[in-house]
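K.L.:
quick check, what structure comes out for this input:
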Amino acid sequence: MDSKTKRWCASRATVFKALGHPTRVFLVQELSKKGEECVCNLTDSVGADISTVSKHLTILKNAGIVSDEKRGLKVFYRLRMPCVLNVFNCVDSIMEENLRDQEALMR
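P.N.:
Below is the predicted model:
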């Protein structure tokens, strides 16, 4: 593998690693529904302290999945990589198919 390909694959892996936590998947889903949200409201939605949610958002931001904008004392986040939802849809469809297959085997 050449160095350019290696860097490209590492960048892709960073995105998948960032999505490797249920809270971060939830945050992406929330931002996809709401368009933009303040950290304080996301904290309420997640049910975790602001420090924990901010750390998760920083991981998503560093991977390029979300972007932020500071307005006064508040920081607002939005989904920067909406195509990640296609990955969720793909995973959901396979999970549903697997569930149907398991249910069919149980009959």
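K.L.:
all contacts plus neighbour counts: C-alpha atoms, from now on.
P.N.:
Noted.
K.L.:
could you say which helix or strand holds K70?
P.N.:
For K70, the element it lies in under DSSP states H and E is strand 66-71.
K.L.:
typo on my end, it should be V28
P.N.:
According to DSSP H and E, V28 maps onto helix 22-34.
K.L.:
what angle separates that helix from strand 66-71?
P.N.:
70 degrees (axes from the mean of the first three to the mean of the last three Cα atoms, to 10 degrees).
K.L.:
output the contacting helices and strands for helix 22-34.
P.N.:
Here helix 22-34 touches helix 39-46, helix 50-62, strand 74-79, going by 3 or more Cα pairs under 8 Å, 6 or more residues apart in numbering; DSSP states H and E.
K.L.:
V75 versus the residue lying closest to K61 once chain neighbours are set aside, what's the distance?
P.N.:
Leaving aside its chain neighbours, K61 sits nearest to S67 (5.7 Å; criterion: Cα to Cα, 6 or more residues apart in numbering). The gap separating S67 from V75 is 10 Å, by Cα to Cα, to the nearest Å.
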